[in-house]
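**Student:** From the sequence below, what's the structure:
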Amino acid sequence: MLPQTSLLNRRGEKPSVAKTLVEIRADFQHLRRWRRSVEQAQSYTFKAVITVIVTGFVGAVWLGIKATLGK
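**Tutor:** Numbering: from 1, shown residues only. Predicted structure coming up:
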């Protein structure tokens with residue numbers, strides 16, 4: 001038995017061009033959705049890293065000011 005991804009179907013016929021184009025279009029739509037979700041995750045990760053860095057810097061400045069004024 002041939003796998004479903006074969007160029008020939010079970011009866012030995014070539015799939016129609018229209019069916020092949022529909023499958024290719026569906027593949028590209030899936031890839032586009034996947035790429036957008038990866039880009040969104042990267043954006044959220046970048047924002048989270050920047051937030052952590054800024055928060056740490058502000059905390060260090062605050063502790064420095066607090067220590068200086070506490071003397």
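
**Student:** What strand or helix carries the residue most central in space within the chain?
**Tutor:** Geometric centre of the chain, nearest residue: residue 38, 0.8 Å, by Cα atoms, centre = their mean. Secondary structure assignment for residue 38, by DSSP states H and E: helix 17-70.

**Student:** Centre of the chain to that helix, how far?
**Tutor:** Here helix 17-70 is found 9 Å from its chain centre; the criterion is Cα atoms, centre = their mean, to the nearest Å.

**Student:** I'd like to know the average pLDDT value across stretch 34-44.
**Tutor:** When pLDDT is averaged along stretch 34-44, the result is 97.

**Student:** tell me which residues in it are buried?
**Tutor:** Buried positions in stretch 34-44, judged by neighbour count with 16 or more other Cβ atoms under 10 Å: none. Where C-beta positions appear, they are placed from N, C-alpha and C, glycine not excepted.

**Student:** Tell me which residues of stretch 19-36 come out buried.
**Tutor:** For stretch 19-36, the neighbour count (16+ other Cβ under 10 Å) marks no residue as buried.

**Student:** Not counting it itself, show me its contacts.
**Tutor:** Under the contact criterion Cβ atoms under 8 Å, 6 or more residues apart in numbering, stretch 19-36 has no outside partners.

**Student:** Next, find the distance separating residue 46 from residue 32.
**Tutor:** Separation of residue 46 from residue 32 (Cβ to Cβ, to the nearest Å): 21 Å.

**Student:** again, but for residue 47
**Tutor:** 23 Å.

**Student:** ok, now residue 50?
**Tutor:** 27 Å.

**Student:** cool, residue 20 as well?
**Tutor:** From residue 20 to residue 32 the distance is 19 Å (Cβ to Cβ).

**Student:** Quick one: low-confidence residue ranges for the protein.
**Tutor:** Scanning the chain for pLDDT under 70 picks out 1-15, 71.

**Student:** Go again with 90.
**Tutor:** Applying pLDDT under 90 to the chain flags the ranges 1-21, 70-71.
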